[in-house]
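Trainee: attaching a predicted model along with its sequence, questions to come.
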Amino acid sequence: MVDTEQTDAPSEPQGRHVTYCGVCTLPPEYCEYGGTVKKCQDWLQKAHRPLYDRIWSPEALEAATASLSVEAQKRAAKDAQKKAAQAEKAEQKQADRMANSVITIKRVERNKRKFVTAVSGLEAFGLDLKKVAKEFGKKFATGSSVTKVPSGGEEIVVQGDVSDEIEEFLLEKYKDIPEDNIELVDDKKKKGAAAG
């Protein structure tokens with residue numbers, strides 16, 4: 001039996017630190033494909049100036065386009081303008097949608113003095129309904145679930161009358177929801193309609 005020692009053992013793999021964009025969560029080298037290029041550039045300039053200079057400085061951009069033909073440079077500039085315009089339009093559309101969206105917190109009487117609180121319209125603000133329902137259940141120590149509504153959307157139903165507390169919780173936890181976009185509704189059963 002012959003002992004064979006490996007003298008050319010592979011070196012230990014080295015870890016690599018990767019910076020991820022605080023806006024689109026891609027590595028900064030790929031932000032141009034994320035659709036929020038301008039926001040990404042602003043974030044990178046504030047958070048990691050040397051990396052910003054390496055990728056987006058005029059010298060770096062000129063070096064990247066120097067090998068292109070004149071026509072290709074013109075096309076690249078035109079494409080960049082078009083992408084920036086599309087991204088700005090998409091951001092404006094999202095901002096308008098959020099500004100016009102309303103979160104409805106409805107107190108619904110079930111029977112006698114029992115109530116449930118239904119919350120709808122949260123998905124317009126990019127919130128995960130199941131996660132928010134779980135947070136409501138923990139916060140108010142009650143049952144909370146996501147249910148489908150006849151109009152095709154979904155709402156969160158929380159056991160008990162916690163409509164005021166839900167409004168406070170949403171405003172406190174989710175700062176991007178304007179207070180004017182929250183609407184409280186009291187839905188009472190019609191009593192005595194048959195007794196008149």
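Mentor: Structure's in. What do you need?

Trainee: can you pull out the helices in the protein?
Mentor: 37-47, 49-56, 58-65, 70-100, 129-140, 163-173 (DSSP state H).

Trainee: give me the most central residue, the chain.
Mentor: Geometric centre of the chain, nearest residue: residue 126, 5.0 Å, by CA atoms, centre = their mean.

Trainee: against residue 33, how distant is that residue?
Mentor: Using CB to CB, to the nearest Å, residue 126 is found at 21 Å from residue 33. Bear in mind the C-beta positions are built from the backbone N, C-alpha and C, glycine included.

Trainee: can you check residue 180 too?
Mentor: For residue 180, the distance to residue 33 - CB to CB - is 36 Å.

Trainee: how about low-confidence regions in the protein?
Mentor: 1-10, 65, 188-196 (pLDDT under 70).

Trainee: can you rerun that using 90?
Mentor: 1-45, 47-129, 132, 136, 140, 145, 147-155, 160-196 (pLDDT under 90).

Trainee: using the record's domain definitions, break the chain down for me.
Mentor: 28-98, 101-186 (the TED database).

Trainee: highest average neighbour count across these?
Mentor: domain 101-186 (a mean of 15; mean count of other CB atoms under 10 Å).

Trainee: and that one, end to end?
Mentor: Its start and end residues considered, domain 101-186 measures 19 Å (CA to CA, to the nearest Å).

Trainee: surely residue 118 meets residue 106?
Mentor: Yes. Here residue 118 reaches residue 106: they are 4.5 Å apart, a contact under CB atoms under 8 Å.
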